[in-house]
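1. coords please:
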Amino acid sequence: MPRTSAKNAEDVVAALDLHSFGDTRGVLVTSMNDIPGYRVVRVLTTVYGLTVRSRNIIADIGAGFKSLIGGELGILTKMLYDSRNSAADKMIGECLAKGGNAIIAMRFEGGEIEGRFAEVCAYGTACVVEKID
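-> Just a heads-up that it's a prediction; the model follows:
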């Protein structure tokens, strides 16, 4: 079975124009429990962003053929990146709606429904932080 090297994965990301989840609208987002240089002033609540995506028939056929020879399934990789970005954007929107300017302990969870739909959940702790002088 072919293995995906780090270089191969970087090439796929570059070819598909994929990047980190983009515009955070000024919200600091981290998977850490604190943000170096900032102090948590107030913890607000857990915030979530959810998305469920379906593949189209063309993607299924293309992925089926590609899986026979092995390698990166680019169209499905792009779908998962898009799902991740959508979930993160919704989570950030919820943080802003609650009055937060940061999300700490951010995580992603993913799965599938009925083998046909990809689900992604982004979640973390919304809080208000201030820069330490």
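2. name the helices or strands packed onto the strand or helix carrying residue 85?
-> Taking DSSP states H and E as the definition, residue 85 sits inside helix 74-97. In this structure, helix 74-97 packs against helix 6-15, strand 38-54, helix 57-69, strand 102-113, strand 117-131, with contacts taken as 3 or more Cβ pairs under 8 Å, 6 or more residues apart in numbering; DSSP states H and E. In short, each C-beta sits where N, CA and C put it, glycine included.
3. one more time with 6 Å, if that's ok
-> If you count contacts as 3 or more Cβ pairs under 6 Å, 6 or more residues apart in numbering; DSSP states H and E, helix 74-97 packs onto strand 38-54, helix 57-69, strand 117-131.
4. Out of the ones you listed, indicate the one that is most buried.
-> For the helices and strands packed on helix 74-97, the largest average neighbour count (mean count of other Cβ atoms under 10 Å) is found in strand 117-131, namely a mean of 19.
5. What are the contacting residues of it?
-> Under the criterion Cβ atoms under 6 Å, 6 or more residues apart in numbering, residues 38-54, 83-84, 87-88, 91, 95, 98, 100-113 lie in contact with strand 117-131.
6. picking that back up, between the helices and strands packed on helix 74-97, which one is closest to residue 29.
-> Closest of these to residue 29 is strand 117-131, at 7.1 Å (criterion: Cβ to Cβ).
7. Parallel or antiparallel, list what pairs with that closest one.
-> strand 38-54 (antiparallel), strand 102-113 (antiparallel) (DSSP bridges).
8. what mean pLDDT does the longest one have?
-> On average, the pLDDT along strand 38-54 is 95.
9. so that strand versus helix 74-97, what angle?
-> Strand 38-54 and helix 74-97 are oriented at 140 degrees to each other (axes from the mean of the first three to the mean of the last three Cα atoms, to 10 degrees).
10. For the nearest residue in space to residue 107 that is not next to it in sequence, list each beta-bridge partner.
-> Distances taken as Cβ to Cβ, 6 or more residues apart in numbering put residue 123 closest to residue 107, at 5.8 Å, once the chain neighbours are dropped. On the basis of DSSP bridges, residue 123 is bridged to residue 48, residue 107.
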